[in-house]
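[1] The following block contains a protein sequence and its predicted model.
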Amino acid sequence: EVQLQASGGGLVNTGGSLRLSCVASGFTFDGWVIGWFRQTPGKERVGVSCITGNGEITTYADSVKGRFTISVDNAKDTVDLQMNNLKPEDTAVYYCAAAAGGSWTFQHWGQGTLVTVSS
C-alpha cells in the first residue's frame, strides 16, 4: 500500500526557515513524481514544488522560486522541501503526494502538516 507521511510544519517568524519531510512507504521513487502542495481555508490546493524520483526534474511555483528547494533521498525514501525566507502568505497546510509512472497525476496523498508564518 502506498503511504506518504508528511512532517516538519510549525510556527516560524517572517524570514525564518522550515524543512518539511515526506516519508514514503509501499513503493520506491523510481518512475514516480513526488510533489508538495499547499492549501489555505476556502481556497483550492495548489502545487508548490515537484521532483522526479531520480531527482533530474524539479518544478517550482513562481511564488516560491528562489526560496524553496525540493530534494529526494532514495536511500531514505524521503522527499524534503527546504523553505527559506518564509512569508506570511506561505501559511498553509502542506501536503505531499505521489504520481506513478510519469503521469504527473497525483493519486496518492499524505496527511497535511501545518506551516504558520507570523508577521
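    Looks like it arrived, so ask away.
[2] use CA for all of it now, contacts and neighbours both
    Fine.
[3] Could you measure from the residue nearest the centre of the chain over to Ser119?
    With distances taken as CA atoms, centre = their mean, the chain has Trp36 as the residue nearest its mean C-alpha position (2.5 Å). For Trp36, the distance to Ser119 (CA to CA, to the nearest Å) stands at 23 Å.
[4] How about Leu18?
    Distance, Leu18 to Ser119, by CA to CA: 15 Å.
[5] follow-up on the earlier one: not counting its neighbours along the chain, what's nearest the residue nearest to the centre of the chain?
    Counting by CA to CA, 6 or more residues apart in numbering, Trp36 lies nearest to Cys96, which is 4.5 Å off, once chain neighbours are set aside.
[6] buried set for stretch 57-68?
    For stretch 57-68, a neighbour-count test (16 or more other CA atoms under 10 Å) marks 58, 60, 64, 68 as buried.
[7] so the first one sits right up against Ile70, yeah?
    Yes - counting by CA atoms under 8 Å, Thr58 does reach Ile70; the two are 7.3 Å apart.
[8] tell me, what's touching the two both at once?
    Jointly contacting Thr58 and Ile70 under the rule CA atoms under 8 Å, 6 or more residues apart in numbering are 49-51.
[9] circling back to that earlier point, the more surrounded of Leu18 and Ser119?
    Leu18 (19 against 11; other CA atoms under 10 Å).
[10] quick one: contacts for the more buried one?
    By CA under 8 Å, 6+ apart, the neighbours of Leu18 are 8-10, 12, 82-84.
[11] just the strands in the chain please.
    Assigned by DSSP state E, the chain shows strands spanning 3-7, 10-13, 18-25, 33-39, 46-52, 58-60, 68-73, 78-83, 92-99, 108-109, 113-118.
[12] Would you mind giving those as a markdown table with mean pLDDT added?
    Formatted as a markdown table, these follow (pLDDT from 0 to 100):
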| stretch | mean pLDDT |
| --- | --- |
| strand 3-7 | 97 |
| strand 10-13 | 98 |
| strand 18-25 | 97 |
| strand 33-39 | 97 |
| strand 46-52 | 97 |
| strand 58-60 | 97 |
| strand 68-73 | 98 |
| strand 78-83 | 98 |
| strand 92-99 | 97 |
| strand 108-109 | 96 |
| strand 113-118 | 98 |
